[in-house]
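Enquirer: I'd like to go over a predicted model; first the sequence, then the structure.
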Amino acid sequence: MADRVERLTNLLALLLETREPLSLVEIAAELADQYPEGQNARRASFERDKAALREIGVPIEQEIVAGGPYAGQTRYWIDRKRYELRDLSLEPDEARALQVAMAATRPGSASGQEALWKVGAGIPDQLPRVTAILPDAPALPALREAVASRTQVEFSYREVPRVVDPWGLLLREGFWYLIGFDHERGGRRTFRIDRIQGEVAVREGAEFERPADFDARDAFPEDPKLIGADEAVPDARVLIDGSRAALAVRELGDERVAARHADGSVELDVPCANLPAFRSWVLGYLEHAVVLGPPDVRADVVAWLESVGAGATS
Amino acid sequence: MLPWLMERGEVPVAEAAERFGMTEAEVVRDLELVAMCGLPPFVDELIDVFVDEGVISVGVPRLFTRPLRLNSVEAFELLAAGRAAMELPGADPEGPLGRGLAKLGAVLGEDDTSGVRIDLDPPALADELTGWVERGERLRIRYWSAARDEVTERLIVPRQVFTDRGEWYVIADDDRSGSTRTFRIDRIETVEATGEVVPARDAELPEPGTWFADGSVPRAVVRIGPAARWAIERYPVDSIGEVDADGWVTVRLAVASEQWLARLLLRLGPHAEVVEPEEWADLGRQAAARVLARYRAASDRS
């Protein structure tokens, strides 16, 4: 084990310092006695070392020699500009702030901890008083890079292959979303990242321009009841009992109060552009809310209530 | 470790061990390895590190002075953690977190308005509660209990605020029950600070967002149709069975209370059926009947 660590460190130093790309033969010669003699064993050890270094973020470049006596041979080096975290010199208080941020939002993350060490922060000691639980999605790091480098991606979504220009990632209401330009459909689309099936493939070299005024937060309305609304957003009139009125008014805002009754109940104008979202919202109040109108929305809720539990018995 | 040590020059072994979560023996052993590594002959430098009387002294050539580039996963974790923390109550865009994030974003090619955006939407009350958490101040609250479907008055001492799946919660010592409870912030009708400061008990707080892991929380087995699949994504589920020919699937889920289940069944409409326990098989229909009674009464009046 100690031998392997020594060899990895020497390999790293060698590839960093070399002025010319080196072949495996040259590398083994420089690191005398550290690689096995036999060609296959040496190649296997080297490939493992290369993988180990790449995994910790070391960018080992390789090229195939084009012409001359060594044509076809693979040579290796490390580009120092890619290797070092240039331009990121965090002040101690900034590094500490990121440390607290990690403790508050991604406490179990091993990669997060590695990242903190690399930028000069340490292990957070206390659980902060305000925390957020952020959901995971394996596709996220690759998608973030694609967004930052403006590279096209491909993935399977609801069994259909998509080609997308990824414009941004948004976390809202406990779900991650990818917003971008869907080439099949020729327009902006929003994807739930947890519904992406399999891996995300990045199409190297396929770059795009993102609209100048794009803001991921504006991708869709925060209130699900408004999703799908174009111009005039219809409202439903809902009567809420006194026992729930205060919280309902706080949620929707005073401006939506249409009437207040002596018994403490209130009538509210509630957006219902997205009917399933509206229905879900109003039924959450159980018998403490009644839809007064418009007639078609009221009829829809009544029909739904009459169907509760009915569809399953088969 | 090397860049950090190099910046400090001289560091006690114990401090390095604590910072990187290693034992002192491990730190010393790793540094001995590093000291043995020579560099290739065309750069004639050695990594100069020695440990003497529990203190590490380091003189490291420029080779290792700049920290390694963040890999893809690390970059994402750091950025997401930082941006999420900026959305929490008390975050200051001009403060160290804001500045550090701006530098990080610049290096990673991130933009202000695109890239990774996190919308936690804290309610106004979350800010005030955070302040009271820090002081340990007892509060008098009027709180709508979902399980009882009624508003109750309680005295609580808030200890932690968290957000999970789009909802905001406060963990507090609850006088009424004598135990530590988790409350939904959007169900707190009114708050009044009492001015009393209560020191925190030594007992550990429940881990945020894990209420359903408690075995004593009741369970229900429910068949879910394709249109109700969202419920499986939204709520914690113990197990998911095989999808049958019609696209229905049987799940076992944690039930916060009978009222909670009734509300869920109403929202799932014809797309769900309770299989177990038997006494809840009619819960949805009963709740629907109560609500329908309101509609029939209202139409009778008009």
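Expert: The structure has been received and is ready for your questions.

Enquirer: now the strands for the stretch 1-150 of chain A?
Expert: Along the stretch 1-150 of chain A, counting by DSSP state E, counting those that start in this stretch, strands occupy A:22-23, A:60-64, A:74-78, A:130-133.

Enquirer: touching the last one from outside, list them.
Expert: Looking back up the chat, that one is strand A:130-133. By Cβ atoms under 8 Å, 6 or more residues apart in numbering or on different chains, the residues outside strand A:130-133 that reach it are A:104-105, A:107, B:84-85, B:87-90, B:120, B:126, B:130, B:133, B:160-165, B:208-209. C-beta: built from backbone N, CA, C; applies to glycine.

Enquirer: where in the stretch 151-300 of chain A is pLDDT low?
Expert: A:229-231 (pLDDT under 70).

Enquirer: in it, which spans are strands?
Expert: Taking DSSP E, counting those that start in this stretch as the criterion, the stretch 151-300 of chain A contains strands spanning A:151-157, A:160-172, A:175-182, A:187-192, A:196-207, A:235-240, A:257-260, A:266-271, A:289-293.

Enquirer: quick one: which of the ones you listed is nearest chain B?
Expert: Nearest of the strands of the stretch 151-300 of chain A to chain B, taken as Cβ to the nearest Cβ: strand A:160-172 at 3.9 Å.

Enquirer: and the closest one, does that touch chain B?
Expert: Yes - applying Cβ under 8 Å from any Cβ of the partner chain, one finds strand A:160-172 in contact with chain B at A:Trp167, A:Gly168, A:Leu169, A:Leu170, A:Leu171, A:Arg172.

Enquirer: so what's the fifth one closest to, chain neighbours aside?
Expert: Counting by Cβ to Cβ, 6 or more residues apart in numbering or on different chains, B:Ile118 is the residue found nearest to A:Leu171 once chain neighbours are left out, at 4.5 Å.

Enquirer: that neighbour belongs to a strand?
Expert: Yes - judged by DSSP: H, G, I helix; E, B strand; the rest coil, B:Ile118 forms part of a strand.

Enquirer: A:Pro234 is in contact with A:Cys272, correct?
Expert: Yes - if you go by Cβ atoms under 8 Å, A:Cys272 and A:Pro234 touch, sitting 5.9 Å apart.

Enquirer: any chance of the strands of the stretch 1-150 of chain A in CSV, plus mean pLDDT and distance to B:Glu110?
Expert: Formatted as CSV, those follow (pLDDT from 0 to 100; distance: least, Cβ to Cβ, whole Å):
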stretch, mean pLDDT, distance to B:Glu110
strand A:22-23, 92, 35
strand A:60-64, 87, 25
strand A:74-78, 90, 25
strand A:130-133, 92, 19
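
Enquirer: which of the ones you listed sits most buried?
Expert: Compared across these, strand A:130-133 shows the largest average neighbour count, a mean of 22 (mean count of other Cβ atoms under 10 Å in any protein chain shown).

Enquirer: and the longest helix for chain B?
Expert: helix B:283-301 (DSSP state H).

Enquirer: just the buried residues of that helix, please?
Expert: Neighbour counts over helix B:283-301 (16 or more other Cβ atoms under 10 Å in any protein chain shown) mark B:Leu283, B:Gly284, B:Arg285, B:Ala287, B:Ala288, B:Val291, B:Leu292, B:Arg294, B:Tyr295 as buried.

Enquirer: from the residues you listed, which are also near chain A?
Expert: Filtering the buried residues of helix B:283-301 for proximity to chain A by Cβ under 8 Å from any Cβ leaves B:Gly284, B:Arg285, B:Ala287, B:Ala288, B:Val291, B:Leu292, B:Arg294, B:Tyr295.

Enquirer: got the contact list for the fifth one?
Expert: In this case it means B:Val291. Contact analysis of B:Val291 by Cβ under 8 Å, 6+ apart lists A:Leu283, A:Leu286, A:Glu287, A:Leu305, B:Leu266.

Enquirer: try 6 Å this time
Expert: Applying Cβ atoms under 6 Å, 6 or more residues apart in numbering or on different chains, we find B:Val291 in contact with A:Glu287, A:Leu305.

Enquirer: likewise the third one?
Expert: Applying Cβ under 6 Å, 6+ apart, we find B:Ala287 in contact with B:Ala262, B:Leu266.

Enquirer: switch to 7 Å and redo it
Expert: A:Leu286, B:Ala262, B:Leu265, B:Leu266 (Cβ atoms under 7 Å, 6 or more residues apart in numbering or on different chains).

Enquirer: list just the nearest of those residues to B:Ala147.
Expert: B:Ala262 (10.8 Å; Cβ to Cβ).

Enquirer: verify the contact between that closest one and B:Asp282 for me.
Expert: No - counting by Cβ atoms under 7 Å, B:Ala262 does not reach B:Asp282; the two are 10.3 Å apart.
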